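1. pasting a predicted model and its sequence here:
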Amino acid sequence: MNRIKTQCAQYYRLAILMSGLVISCGVQAFEEEQNAQPRPIAIAIHGGAGTITKANLSAQQDLEYRAKLTEALRVGYEVLQQGKDGQHAVIAAIQIMENSELFNAGKGAVYTFAGQHELDASIMHGAQRQAGAVAGVKTIASPIKAAQAVMNHSAHVMLSGAGAEAFAKEQGLAEVDNRIFNTPRRFKALQKAKQAIEDRQTQLLEFQDYKFGTVGAVVLDQQGNLVAGTSTGGMTAKRYGRIGDSPIIGSGTFADNNSCAVSSTGHGEFFIRYQVAADICARMVYQNKTLAQAADEVVNGVLVEAQGSGGVIAIDSQGNIAMPFNTEGMYRGSIDIHGKITINIYQ
Ligand code: ASP
């Protein structure tokens, strides 16, 4: 009888051991499968908002914008696919647009009232809320690259004017003559803006026929980081060293891994006063809003009420994307977590 009891106990122990093994194999297989699953990645970009309608754009221009947006998206997305940090994807996508005369950033930057170009840019990384920005720079070929250098290689968040240019030079970034940003199209826009200001005896800020052409990118990388960046030439005919929202963290650019990443385009003064980018992310954290709700409330609620025109691109930690705007159009595009590419210009 005792022998039978001992044998039963042994079988029982063996059964427990086996089931433990089965469970731990199952867990291991599940973990391996999870690790093998590529983590979600996504990207959204904008090339400015404003009075952009089908009637305003020729078929040729329409095609050119779509092609450049597609190129910028694909280049940024490839960086994400390689598993690199999101900041590199943001830089890569924005540099494609800075190098195109189509957008009001880098090569296509608008003119100041004095006939020069003063560029602003910023970048923010959502993991530790690291950020960098340059404002009012005239000789830096790629302002977004300079903003990244400020973030990664300085003790500061924002550098401006000649100081920012000296820093960029020390960092080995390309220095250019301000005239390389001259383009006939933007020169014409300056003449038009000056005329309008004179005719209406009005301030630039009331000049309504506006096409904002700032560029920006927001991404979710494989490590779960949210990163945002924005680059601009600012507003046509700006004066007195005017700085817009684009280099201002919380206004033109914001990123926090716990909520969202946002890049703005529009009438900068309003985006500064209403802290547009940070407000969208704050609504997600403090009010449990979804990304779509939060972005829509700020762009189509708060800003519209204040009569501030423009739009944003935004992404959250799940890779959801929102791109609301309250103008006639916004150059925009995205590649979502399923790899689906979307390009749009009009409403
Ligand atoms: N937000 C930019 C600024 O006010 C302009 C733009 O978006 O095009 O400088």
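-> Sure thing, it's come through. Numbers count the residues shown, from 1 in each chain.
2. please make it C-alpha for all contacts and neighbour counts, starting now.
-> OK.
3. quick one: contacts of stretch 97-116?
-> By CA atoms under 8 Å, 6 or more residues apart in numbering, the residues outside stretch 97-116 that reach it are 47-48, 65, 68-69, 72, 117-119, 141-143, 178-183, 186-187, 189-190, 194, 212-215, 231-239.
4. next step: the residues you listed restricted to strands.
-> Among the contacts of stretch 97-116, the members falling in strands (DSSP state E) are 47, 48, 119, 215, 231, 232.
5. which one (most neighbours) among these?
-> Comparing those on neighbour count, residue 231 comes out first with 41 neighbours (neighbours: other CA atoms under 10 Å).
6. for that one, give me its contacts.
-> By CA under 8 Å, 6+ apart, residue 231 lies in contact with 94, 98, 105-106, 119-122, 143-144, 214-216, 246-247.
7. tell me which two of these sit farthest apart.
-> Of all pairs drawn from those, the one with the longest distance (CA to CA) is 98 and 247, at 15.0 Å.
8. those two - which one has more neighbours?
-> Shown here are residue 98 and residue 247; by other CA under 10 Å, residue 247 has more neighbours (32 against 29).
9. now the more buried one: how far from residue 67?
-> 27 Å (CA to CA, to the nearest Å).
10. show me the beta-bridge partners of the one residue sitting closest to the centre of the chain.
-> The residue lying closest to the centre of the chain (CA atoms, centre = their mean) is residue 217, at 2.8 Å. Residue 217 has the following beta-bridge partners by DSSP bridges: residue 45, residue 229.
11. contacting residues around it?
-> By CA under 8 Å, 6+ apart, the contact set of residue 217 is 43, 44, 45, 46, 90, 93, 94, 228, 229, 230, 263, 313.
12. kindly recompute the last result at 6 Å.
-> By CA atoms under 6 Å, 6 or more residues apart in numbering, residue 217 lies in contact with 44, 45, 90, 228, 229.
13. now these: which count as buried?
-> 44, 45, 90, 228, 229 (16 or more other CA atoms under 10 Å).
14. CSV for the residues you listed, including pLDDT and distance to the ligand?
-> Below are the buried ones among the contacts of residue 217 laid out as CSV (pLDDT from 0 to 100; distance: CA to the nearest ligand atom, whole Å):
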residue, pLDDT, distance to the ligand
44, 98, 16
45, 98, 13
90, 99, 17
228, 99, 15
229, 99, 13
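15. what's near enough to touch the residue in the stretch 1-150 of the chain positioned nearest to the ligand?
-> Nearest residue of the stretch 1-150 of the chain to the ligand: residue 48, at 5.5 Å (CA to the nearest ligand atom). If you count contacts by CA under 6 Å, 6+ apart, residue 48 has them with 212, 213, 214, 215, 265, 330, 331.
16. let me know the pLDDT of residue 52.
-> The per-residue pLDDT reported for residue 52 equals 87.
17. from the ligand, how far out is the nearest residue to residue 266 once chain neighbours are set aside?
-> Nearest residue to residue 266, sequence neighbours excluded (CA to CA, 6 or more residues apart in numbering): residue 310, at 3.7 Å. Distance of residue 310 to the ligand, computed by CA to the nearest ligand atom, to the nearest Å: 7 Å.
18. tell me how many other residues surround residue 63.
-> Residues lying near residue 63 (other CA under 10 Å) number 12.
19. tell me which element it falls in.
-> Counting by DSSP states H and E, the element that carries residue 63 is helix 59-81.
20. which of the residues in that helix are buried?
-> Using 16+ other CA under 10 Å as the test for burial, helix 59-81 gives 65-66, 68-70, 72-77, 79-81.
21. now render those as JSON lines, adding distance to residue 38 and pLDDT.
-> Converted to JSON lines, these look like this (distance: CA to CA, whole Å; pLDDT from 0 to 100):
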{"residue": "65", "distance to residue 38": "31", "pLDDT": "96"}
{"residue": "66", "distance to residue 38": "28", "pLDDT": "97"}
{"residue": "68", "distance to residue 38": "28", "pLDDT": "98"}
{"residue": "69", "distance to residue 38": "25", "pLDDT": "98"}
{"residue": "70", "distance to residue 38": "23", "pLDDT": "98"}
{"residue": "72", "distance to residue 38": "22", "pLDDT": "98"}
{"residue": "73", "distance to residue 38": "19", "pLDDT": "98"}
{"residue": "74", "distance to residue 38": "18", "pLDDT": "98"}
{"residue": "75", "distance to residue 38": "19", "pLDDT": "98"}
{"residue": "76", "distance to residue 38": "17", "pLDDT": "98"}
{"residue": "77", "distance to residue 38": "14", "pLDDT": "98"}
{"residue": "79", "distance to residue 38": "14", "pLDDT": "98"}
{"residue": "80", "distance to residue 38": "11", "pLDDT": "98"}
{"residue": "81", "distance to residue 38": "9", "pLDDT": "98"}
